[in-house]
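In: what's the 3D shape of this:
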Amino acid sequence: MKNVSISAVLLLRTSFGIAVAGDPVQLPELYLFHYQPAQRDPFISATAARTLVSGEPRIEGVVSGRILERYLQTLSRLIQKELFVEGVSISDDQAKAVALINGVEFRTGDSLPVPAQPEQISQLEALSRTYGLPLRRGVQPSDSVLFEVGQIKASGVCIVLPGFKATLCEIPFEGDNIPNQIQLERRRSSATNR
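Out: Predicted coordinates:
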């Protein structure tokens, strides 16, 4: 009888995986599946000359950065075309620095309206709405874009987008330095004129 009960326990343990007290715990065997990628997509014909995944498409949009780059270039061209720094007064404290831009006095953080063509404004507004880019329009002249005066330095004035700290572009202050000096012609002596 003892023999039968021992064989029954062994049979139960081996066939059903039942652990008896004192038996070591064993982990089940793992069957790993090794995926071998196909040489081509099985859903696309092998005779297809071009597929969506075979070429390197140029992605247009915010992911590529081209739209953002075009937006910022348009704004900086607008600033450089319309604004001119006539003078700067700087001090150790940036809050006391003053810049004379297009004949008007501005301090750091002041709003600076820049006139623009209606086509440019509509293009900039469309880009700003579509991609969530910052754009503020002027209140009084409705065809203007608002920027902020950034850091005022002896070399020029930094212009920033409202709400940002990074400089969009810098308007140089040339001061009394004339970049292109005028060359005067020498008069010919009276002997050579005759």
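
In: quick one: least confident helix or strand in this structure?
Out: helix 2-16 (a mean of 49; mean pLDDT, DSSP states H and E).

In: after that one, next one along is what?
Out: helix 66-82 (DSSP states H and E).

In: for that next one, which outside residues touch it?
Out: 60-62, 102, 114-116, 120, 123-124, 127-128, 131, 133, 145, 147, 159, 161, 168-169, 171 (C-beta atoms under 8 Å, 6 or more residues apart in numbering). For every residue, glycine as well, the C-beta is placed using N, CA and C.

In: looking at these, which are in helices?
Out: Among these, the members found in helices (DSSP state H) are 120, 123, 124, 127, 128, 131.

In: list the contacts for the third one?
Out: The one in question is residue 124. With C-beta under 8 Å, 6+ apart, residue 124 has these contacts: 71, 74, 75, 116, 135, 145.

In: for residue 187, see how far away it is.
Out: Distance, residue 124 to residue 187, by C-beta to C-beta, to the nearest Å: 53 Å.

In: ok, now the fifth one?
Out: Noted for residue 128: a distance of 59 Å to residue 187, by C-beta to C-beta.
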